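Visitor: Sequence and predicted model, in that order:
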Amino acid sequence: MPKTFNLNDLNLPYGTHKIKIRAKAAGYADSDFSNEIEFAVQPKLGMTDSALRVSVLRDNVTSIEVHKNDEANTLVTTVPYEAASGDPFDIPLEDVQTEEGDLLYIVCKGDGVNDNKSNLVDPNAVGKDFATDSDEVVEAENLRIADYFEKYGELPFSNYKIGDRRSVQLTSGEDGEFVIIGMCHDTLVKAYDNGATKAGLTLQFYDCLKTTKRWHSTTSGTANSYINSEMKKTTLPTILSQLPSKWRTMARAVRKKVAKNGNTTDLDEITDVMWLPSHVEVFGTTKYSISSNYSKEGEGEQYAYFKNAPVPDHFEAMEGVKGTFVGSNNGKYKTRFGVNRSTSTNVYYNYNLDKGLGTEATSATSWWLRSPNSGYSSSACCVSSTGNVSSYSVTSSRGVAPCFCI
C-alpha cells in the first residue's frame, strides 16, 4: 500500500530542497535511499471575499510585504505578522489599495528568513456571481481564469466555483440551467486571443432538456459509433443553435476522445463545441461495479463537479476515485429530489449525477453519455434513473444533458 507524506509538515525553510527517503523497521536493515526529488517551499497566497489569506508561514516571519506584480514590483503595504506560528493570516482587502488589472504577491520578512515569493492573486476577483453577472462579465472572468492558469499552472481565486449554476432561456422558449463542472479542464482547438489553451469554464445542463432523444437512428452495423451518431450529428448541433446568441458566440470547440465503437479499444479524437460527457468523465471509472467494465479506457478524466460530489453517510468512497461511492445491499441515501434510493452491492454511484427532464422535474431520469457500451455494437452508456451507469439500445429515447466550454 503506497504511503503518502505531506512535505509541508516538515516545516522546512523557504527555498528549494532536495529530498530522498529510506525505510526503517525494527529487526530489518535500513533500505537503500530512494530517488531524489526537489521540493519548493514558498508562502501561499489565497483569498476570501474580504481578505488576502497567507499560509505556509514560518516561525521567524515577523512581517509580510504585499507587492504588485509590475515591472517595479511596487510595494503596496507591509503588515506585521501577528498570528500564532504557522496559522493562516488574513490581510483585509480594504487595507490593500489596488487598481483593476493588478496582480499581487507577498514576501515574508524576518531574521533568518530565506528569499521567498508567493504565487499571484487578483484582488479584483471578489464580488462576482456566476448566477447573476452579465454575459460580458462571465466572458471576462472566464478569460481571466484561463489566462492565469496558462501562466501559473494553477487556478486563481474566483468567486465562480465548481457547482455554481446560472439560469438561461433557450431560443426555443425552454428554460435551462448551466452548472460549472470544470475549470481549465478541456483543451481548446484554438487558443484564446490571450494565448491560453485550456477553456476557462466547462458547463453542463444541470437538468436534461424536457424532450428525450435517441442516441442513434438504427441498430444496424456498428450503431454505437459516436462520431457517426444522430446524437452528435443532429441533436447536439440543434441544441447548440438554441443557446442565447451571446452564449453561442462564447462557446468554443474543444478536443475530446471516444471509443470508435463498443468492440474496439481504438479511440476517435473529436473536436466539438457541444458534446455528451463520457462514462469516466462523470464516474471517474470505466466500471459499473467492482468487477464489471462498461466502457473503454482513454475517454477523458473525471470533471471536478463529480469529484466534489458528497459521499452519503454510511457509504464508502470508491478506492482511488473521488466523489463516486460503492453501493451496499439495503443501503439507502436521499437524492437531490428527496427520494430515499436503494443501492446494489458493489455497484458505483455518484450523488451529483441525478438529473430530471426539465428544470421543474421532481424525479431523476436516465440520460445519455457518449461512451459506447463496451463489448456491444448497438448500445451506449447512460446514467440510469437509479444513479449508476447503465446501457440502452441506441434507438431508445433518454435524457440529454450536453456540455460545452466558453
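Guide: Cool, the structure landed.
Visitor: contacting residues around the closest residue to Ala223 other than its chain neighbours?
Guide: In this structure, Ala223 finds its nearest non-sequential neighbour in Ser378, 4.4 Å apart by C-beta to C-beta, 6 or more residues apart in numbering. Backbone N, C-alpha and C define where each C-beta goes, glycine included. With contacts defined as C-beta atoms under 8 Å, 6 or more residues apart in numbering, Ser378 is in contact with 219, 223-224, 393-395.
Visitor: Just send the residues you listed back as a markdown table, with distance to Gly101, secondary structure and pLDDT too.
Guide: As requested, the contacts of Ser378 are exported to a markdown table (distance: C-beta to C-beta, whole Å; DSSP: H, G, I helix; E, B strand; the rest coil; pLDDT from 0 to 100):
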| residue | distance to Gly101 | secondary structure | pLDDT |
| --- | --- | --- | --- |
| Thr219 | 56 | coil | 97 |
| Ala223 | 53 | coil | 95 |
| Asn224 | 49 | coil | 96 |
| Ser393 | 54 | strand | 98 |
| Val394 | 50 | coil | 98 |
| Thr395 | 54 | coil | 98 |
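Visitor: Pick the one among those residues closest to Tyr206.
Guide: Nearest to Tyr206 among the contacts of Ser378, counting by C-beta to C-beta, is Val394 at 24.9 Å.
Visitor: thinking again about what came up before, could you identify the most distant pair in the contacts of Ser378?
Guide: Greatest spatial distance among the contacts of Ser378 (C-beta to C-beta): Asn224 and Thr395, at 10.7 Å.
Visitor: Counting neighbours around each, name which of those two comes out higher.
Guide: More neighbours surround Asn224 than the other of Asn224 and Thr395, with 29 against 15 (other C-beta atoms under 10 Å).
Visitor: That one and Asp111, how far apart?
Guide: 68 Å (C-beta to C-beta, to the nearest Å).
Visitor: Likewise for Asp354?
Guide: From Asp354 over to Asp111 the distance is 56 Å, taken as C-beta to C-beta.
Visitor: Show me which of the two is the more surrounded one.
Guide: Remark: of Asp354 and Asp111, Asp354 carries more neighbours, 22 against 7, as counted by other C-beta under 10 Å.
Visitor: My read is that the more buried one contacts Tyr333, right?
Guide: No: applying C-beta atoms under 8 Å as the test, Asp354 and Tyr333 come out as separate, 10.8 Å apart.
Visitor: for the longest strand seen in the chain, packing partners?
Guide: Secondary structure assigned by DSSP state E gives strand 175-183 as the longest strand of the chain. Applying 3 or more C-beta pairs under 8 Å, 6 or more residues apart in numbering; DSSP states H and E, one finds that strand 175-183 contacts strand 165-169, strand 201-205, helix 304-307.
Visitor: hmm, try it at 10 Å
Guide: Here strand 175-183 touches helix 135-152, strand 165-169, strand 201-205, helix 279-283, helix 304-307, strand 403-405, going by 3 or more C-beta pairs under 10 Å, 6 or more residues apart in numbering; DSSP states H and E.
Visitor: so Arg398 bridges to which residues?
Guide: According to DSSP bridges, the residues that bridge with Arg398 are Lys213.
Visitor: Count the neighbours of it for me.
Guide: So Arg398, with other C-beta under 10 Å, has 25 neighbours.
Visitor: Quick check: it vs Thr211, distance?
Guide: Separation of Arg398 from Thr211 (C-beta to C-beta): 11 Å.
Visitor: Identify the contacts common to those two.
Guide: Taking C-beta atoms under 10 Å, 6 or more residues apart in numbering as the contact rule, Arg398 and Thr211 both touch Leu357.
Visitor: Next up, the contacts around Arg214.
Guide: Shown in contact with Arg214 (C-beta under 10 Å, 6+ apart): 229-231, 235, 368, 380, 392-398, 400.
Visitor: Show me the residue sitting in the middle of the chain in space.
Guide: Nearest to the mean C-alpha position of the chain, by C-alpha atoms, centre = their mean, lies Ala304 at 2.5 Å.
Visitor: ok, for that one, nearest residue in space, not its chain neighbours?
Guide: Ile162 (4.7 Å).
Visitor: part of a strand, is that neighbour?
Guide: No: read with DSSP: H, G, I helix; E, B strand; the rest coil, Ile162 is coil and lies in no strand.
Visitor: Can you get me a residue count around it?
Guide: Counted with other C-beta under 10 Å, residues neighbouring Ile162 total 20.
Visitor: That one contacts Ile181, correct?
Guide: Yes: the criterion here is C-beta atoms under 10 Å, and Ile162 meets it with Ile181 at 7.0 Å.
Visitor: okay, Tyr303: pLDDT?
Guide: Here the pLDDT value assigned to Tyr303 is 98.
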